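> Have a look at this prediction, sequence included:
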Amino acid sequence: MKNNPALDGIRALSILAVLFFHCQVPGAGGGFIGLDMFFVLSGYLITALLAAEHRAGGIATGRFYARRALRLYPSLLLLIAAYAVLAPVFWPADDRWLSVGLAAFYMYDYGLAFGKLSYTIGHTWSLGVEEKFYLLWPLLLPLVLRTRRPAAWLLAAFIVATAWRYFVAFRWDWAQAYFRFDTRMSGILLGAIAALTRFTPGRLAILVACIALAVGLALPSLPTSNQIDAVTLRMTLAELAAFVLVCHAAANHRSVFLSWRPVAYIGRLSYGIYLWHFPFALLVRDSQPTWITLGSTILFSFTMAAICLHLVDVPIRRWRERSWLRPAKAA
């Protein structure tokens with residue numbers, strides 16, 4: 001799939017919202033919705049890639065799994081190794097080997113939903129959500145594409161997934177509704193719908209989506225006295241707004257702001273920023289003013305993300321493109 005700098009711009013907005021949220025910046029108490037944007041974007045990108053392979057003759061499932069592992073796992077292993085070495089110094093109360101195991105096997109989503117665990121590398125729960133999607137979707141998407149109206153089936157699945165999260169939130173608690181893969185599928189399904197329908201939103205829809213995301217970002221943080229709203233209505237609005245922006249970016253590769261080179265570059269760094277920013281912010285935010293926490297977290301996480309991108313990800317990608325792991329030409 002050809003690189004789209006506007007989609008990188010959406011990654012940048014998403015990661016900045018999450019980073020500001022974790023640094024406890026005033027006015028960014030709802031920045032966790034940046035993850036909803038990530039889920040929609042992932043659903044779009046992976047579905048578009050796999051659908052193209054399906055049209056070209058079939059999805060090479062093993063090759064897809066290998067590409068995903070080589071793209072995501074090396075940087076994650078660096079974070080886990082750093083945590084395992086530094087935890088006795090900075091987080092001695094952590095059960096570090098439990099945390100290492102949950103992060104390495106992408107199970108922190110259910111770990112946080114059902115257990116009282118340390119949060120130091122608990123932000124890897126969202127990687128667990130996406131990894132389960134990567135494992136299942138190459139197997140399920142061909143079945144969906146063989147139906148007469150695949151987008152309609154996905155829309156029905158989105159409605160069911162959203163209703164299930166609402167039920168879990170009201171029946172149990174916000175943590176179970178917030179962290180689990182089975183309660184976070186709705187955004188990914190919306191992204192898949194965007195990939196199959198190629199919907200092009202109008203200016204009014206884009207404006208409404210931007211306003212909805214800005215309001216969601218400014219609302220108070222989780223958990224609050226109104227925590228059920230935060231994992232139900234607010235997340236659904238964020239997913240719908242992200243759907244509109246992803247569709248806009250997909251149709252406008254050169255969107256003036258989203259494809260602006262500095263913004264797109266932050267989007268390219270977003271995975272590394274996400275991995276490295278949270279443990280650092282957790283370490284400094286309770287002892288330093290907000291502006292120092294934010295500035296130092298940006299400096300540290302951007303630097304580590306650039307190192308991971310240019311010294312780990314890019315060399316691996318170049319090798320991958322020369323090997324049997326490269327995707328089919330039609331994709």
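Perfect, thanks for sending it.
> okay, CA-based contacts and neighbour counts for the rest of this
OK.
> who's in contact with His22?
By C-alpha atoms under 8 Å, 6 or more residues apart in numbering, the contact list for His22 reads Gly31, Phe278, Ala281, Leu282.
> Run a quick check on the second one versus Ile121, I expect a contact.
If I follow you right, that is Phe278. Yes. Phe278 lies in contact with Ile121 (C-alpha atoms under 8 Å); the separation is 7.4 Å.
> element containing the residue nearest to Ala249 when sequence neighbours are not counted?
In this structure, Ala249 finds its nearest non-sequential neighbour in Ala6, 5.2 Å apart by C-alpha to C-alpha, 6 or more residues apart in numbering. Using DSSP states H and E, Ala6 sits within helix 5-22.
> which helices and strands sit right next to the helix or strand just after that helix?
Next helix or strand after helix 5-22 toward the C-terminus (DSSP H and E): helix 33-55. In terms of contacts (3 or more C-alpha pairs under 8 Å, 6 or more residues apart in numbering; DSSP states H and E), helix 33-55 is packed against helix 5-22, helix 125-145, helix 185-197, helix 203-218, helix 233-251.
> can we see that at 7 Å?
Here helix 33-55 touches helix 5-22, helix 185-197, helix 233-251, going by 3 or more C-alpha pairs under 7 Å, 6 or more residues apart in numbering; DSSP states H and E.
> Restricting to C-alpha, output the second one in PDB.
Presented in PDB, the C-alpha positions along helix 185-197 are these (Å, rounded to 0.1, in the frame of the first residue of the first chain):
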ATOM      1  CA  MET A 185     -13.500  -4.000  18.600                       C
ATOM      2  CA  SER A 186     -16.000  -1.300  17.500                       C
ATOM      3  CA  GLY A 187     -13.400   1.300  16.400                       C
ATOM      4  CA  ILE A 188     -11.500  -1.300  14.500                       C
ATOM      5  CA  LEU A 189     -14.700  -2.400  12.700                       C
ATOM      6  CA  LEU A 190     -15.400   1.200  11.800                       C
ATOM      7  CA  GLY A 191     -12.000   1.400  10.200                       C
ATOM      8  CA  ALA A 192     -12.700  -1.700   8.200                       C
ATOM      9  CA  ILE A 193     -15.900  -0.200   7.000                       C
ATOM     10  CA  ALA A 194     -14.000   2.900   5.900                       C
ATOM     11  CA  ALA A 195     -11.600   0.700   3.900                       C
ATOM     12  CA  LEU A 196     -14.400  -1.200   2.100                       C
ATOM     13  CA  THR A 197     -16.700   1.800   1.400                       C
END
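> outside of it, which residues touch it?
The contact list for helix 185-197 (C-alpha atoms under 7 Å, 6 or more residues apart in numbering) reads 36, 39-44, 47-48, 151, 154, 158, 161-162, 239, 243, 247.
> same check, this time on stretch 144-164
Thr183, Met185, Ser186, Leu189, Leu190, Ile193, Leu196, Thr197.
> again, only this time at 8 Å
Applying C-alpha under 8 Å, 6+ apart, the contact partners of stretch 144-164 are 182-187, 189-190, 192-193, 196-197, 232, 236.
> Check stretch 98-111 too.
Contacts to stretch 98-111, defined as C-alpha under 8 Å, 6+ apart, come from residues 76-77, 80, 84, 117-118, 121-122, 124-129, 131, 179-181.
> Report the rounded mean pLDDT for it.
Confidence over stretch 98-111 (mean pLDDT, whole number) is 96.
> again, but for stretch 179-190
Mean pLDDT, stretch 179-190: 95.
> What's the end-to-end length of that stretch?
Taking C-alpha to C-alpha, to the nearest Å, stretch 179-190 runs 18 Å from one end to the other.
> cool, and stretch 279-299?
End-to-end distance (C-alpha to C-alpha), stretch 279-299: 14 Å.
> buried residues in that stretch?
Pro279, Phe280, Ala281, Leu282, Val284, Arg285, Thr290, Thr293, Leu294, Ser296, Thr297, Ile298 (16 or more other C-alpha atoms under 10 Å).
> Can you identify each of the helices in the stretch 201-331 of the chain by residue range?
Per DSSP state H, counting those that start in this stretch, the stretch 201-331 of the chain has helices spanning 203-218, 227-230, 233-251, 261-284, 290-308, 314-322. These are given in chain order.
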